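Q: Task: produce atomic coordinates for the following.
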Amino acid sequence: MIKIKATGINPIDHRVVSGGVEVKPSPHIPGAEISGVVERIGTCDTCLNQSEMVCRNGGLIGVLTNGGFAEYISVPERNVFKIPRI
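A: Sure, this is the predicted structure:
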């Protein structure tokens, strides 16, 4: 579970909002470029049952799943990268 700190806007977000891309779920929260703080680590029920390919938190974030224009987001570990302090 990531607490969103900032979300960028890119062309896919424009296409999602303007209806140029079919999104799920509906209503939908866009936002594909996300920065935040990991607040909780866990595993979803589909991943626990060896069905990672249908993970409720997977897919194209901001298109196939709700995106970063939210307070929190849940994503697979492979989508999380540590940003070093400058």
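Q: Least confident secondary structure element in this structure?
A: When each helix and strand of the chain is scored by mean pLDDT, DSSP states H and E, helix 45-48 comes last, with a mean of 75.
Q: tell me what the helix or strand following that one is packed against?
A: Once the chain leaves helix 45-48, the next helix or strand it forms, by DSSP states H and E, is strand 72-73. Other helices and strands packing on strand 72-73, by 3 or more C-beta pairs under 8 Å, 6 or more residues apart in numbering; DSSP states H and E, are strand 2-8. Using the backbone N, CA and C atoms, a C-beta is placed for each residue, glycine as well.
Q: now do 10 Å
A: Secondary-structure packing of strand 72-73 (3 or more C-beta pairs under 10 Å, 6 or more residues apart in numbering; DSSP states H and E): strand 2-8, strand 33-38.
Q: Just checking: what are the partner strands of it?
A: strand 2-8 (antiparallel) (DSSP bridges).
Q: Give the next helix or strand downstream of the strand it pairs with.
A: For strand 2-8, the succeeding helix or strand toward the C-terminus, using DSSP H and E, is helix 11-18.
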